[in-house]
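Chemist: Below are the sequence and a predicted model; questions follow.
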Amino acid sequence: MIIFNLVIFIILLFALFKVLQRTQKLGWTVFIGLFLGLIGGALLQNFYDKSIIDGTLEWINVVGNGYVRLLQMIVMPLVFISILSAITRLHQANSLGKVSFSVLFILLITTAIAAAIGILMAYLFDLSAEGLVAGERELAAQLSVSGRIEKVSNLTIPSLLLSFIPRNPFADLTGVNPTSIISTVIFSAFLGVAALSLAKENKDLGERISQGVDTLNQWVMRLVRFIIRLTPYGVFALMTKMAATSAWSDIVNLGSFIIASYIAILLMFIVHGILLFVVKVNPFDYYKKVLPVLSFAFSSRSSAATLPLNIEAQTDKLGNNSVIANFSATFGATIGQNGCAGIYPAMLAVMVAPTVGIDPFSANYIFSLILIVAISSFGIAGVGGGATFASIVVLSALGLPLELVGLLISIEPLIDMGRTALNVNGAMVAGTLSDRFLTQSYQ
């Protein structure tokens, strides 16, 4: 039966390949893969015993986990070269400060708003971690995040900020630390500023550096596009595993959290639309133009994998300057993620607080929570697991028990799709707003 299941899986993979080859519509093919994965996983769970399911998924995981590893492989090179390429395109070094400040300010403000909305939803739905029981899947999840807990549980906010400064940039390029991504951003930013300084002293040398960086940027982007073309197959395998192993009773029991999360996500999309309207950008036209990017983010659950599509949509469809587009897309994949670093940690902190006798809706607690969420949103990885890391940092800073981080693992994939789409949209909104604020000012 395992061999039979794998033959069906391979046939469906080939069918997805033919659909993509014929239509050349990656977004639709990804959604087909997602739909087939949900159906296939549900059939596995309902018609086979655990041994056959485990045997089948062991092979299916080669495709799903292999795709995730490829995404992890490109994160650091992509973040590094995107920032470096954006800076070397600037005509003046002081323009770097304007662009960076604008993008970061918008990302952090929207993250703070997202945290406030998450707190509101937790209040309206009366969400609490009291009475939650950790099942077998949740206990396994707690073990899987224990390494991250050990690394960041003792971090204070000042020590967290200090950890962003790279001691060994080459080690950070391997992703060895929880804050490696933001450290890589800082290292590439310093390299970019150094390139601008050299270009002032020696125009020919600056031009050669700029050409070399641009060549490397195009090289890495081509690699990224190769991996992105594998998304339908990776999503199909990952969704099959999720549907085959999810405890549907747990999902039903935690239905209130799922509904509250998606209402919060929807409200943040509305907030983004209002911000766009303020700078005279038609929100309806905007969402029509970026819908393919949001669809890809939703199905892939990876802000980092969406980077090239994010930049392309900003420059080609929204008319944003390429420098600002690169900055906002890259920063948005690592800093100020409205969904993973804003809504989710805030809701979880409100749910956990009553278990240690804290009133989660006191003014002092809410203010502290929003501030900590905004600050800790720096350096959240954009390839899955970012929400877990953000939650660990926030709960640790508030002195709350970290053992409860894994209790919602059963419904993580369902919520993470919406959170990732919101993260990516937050980056594009930051780029669009910054472009309207800074047009021509960096030239």
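Modeler: Happy to help now that I have it. Residues are numbered from 1 along each chain as shown.
Chemist: Now do the strand or helix carrying F269, average pLDDT.
Modeler: Assigned by DSSP states H and E, F269 falls within helix 255-278. Helix 255-278 carries an average pLDDT of 93.
Chemist: In the strand or helix carrying I182, which residues are buried?
Modeler: Using DSSP H and E, I182 sits within helix 180-201. For helix 180-201, the neighbour count (16 or more other CB atoms under 10 Å) marks 180-189, 191-193, 195-196, 199 as buried. (Glycine included, C-beta is placed from N, CA and C.)
Chemist: Next: stretch 283-298.
Modeler: P283, Y286, K289, V290, P292, V293, L294, S295, F296, A297, F298.
Chemist: Can you convert those into TSV and add a column each for secondary structure, distance to G66 and pLDDT?
Modeler: Output for these, formatted as TSV (DSSP: H, G, I helix; E, B strand; the rest coil; distance: CB to CB, whole Å; pLDDT from 0 to 100):
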residue	secondary structure	distance to G66	pLDDT
P283	helix	38	95
Y286	helix	35	96
K289	helix	32	92
V290	helix	29	93
P292	helix	25	86
V293	helix	24	89
L294	helix	25	91
S295	helix	23	85
F296	helix	19	83
A297	helix	20	86
F298	helix	21	86
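Chemist: any chance of these in JSON lines, plus distance to A129?
Modeler: What follows is these, written out as JSON lines (distance: CB to CB, whole Å):
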{"residue": "P283", "distance to A129": "35"}
{"residue": "Y286", "distance to A129": "37"}
{"residue": "K289", "distance to A129": "40"}
{"residue": "V290", "distance to A129": "35"}
{"residue": "P292", "distance to A129": "37"}
{"residue": "V293", "distance to A129": "34"}
{"residue": "L294", "distance to A129": "30"}
{"residue": "S295", "distance to A129": "33"}
{"residue": "F296", "distance to A129": "33"}
{"residue": "A297", "distance to A129": "28"}
{"residue": "F298", "distance to A129": "27"}
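Chemist: Relative to K50, which of those residues is nearest.
Modeler: In terms of CB to CB, no member of the buried residues of stretch 283-298 lies closer to K50 than F298, at 30.2 Å.
Chemist: Where does the prediction get shaky in the stretch 201-350 of the chain?
Modeler: Low-confidence regions of the stretch 201-350 of the chain, defined here as pLDDT under 70, cover residues 246-253.
Chemist: From T215, how far out is S85?
Modeler: S85 is 10 Å from T215, where distance means CB to CB, to the nearest Å.
Chemist: These two: which has the busier surroundings?
Modeler: A direct count of neighbours by other CB atoms under 10 Å for S85 and T215 places S85 higher, at 24 against 11.
Chemist: Helix or strand for the residue lying closest to that one once chain neighbours are set aside, just tell me which one.
Modeler: With CB to CB, 6 or more residues apart in numbering as the criterion, S85 has its nearest non-adjacent residue at 4.1 Å, and that residue is N217. Assigning secondary structure by DSSP H and E places N217 in helix 203-228.
Chemist: what's the angle between that helix and helix 180-201?
Modeler: 150 degrees (axes from the mean of the first three to the mean of the last three CA atoms, to 10 degrees).
Chemist: Perfect, that will be all.
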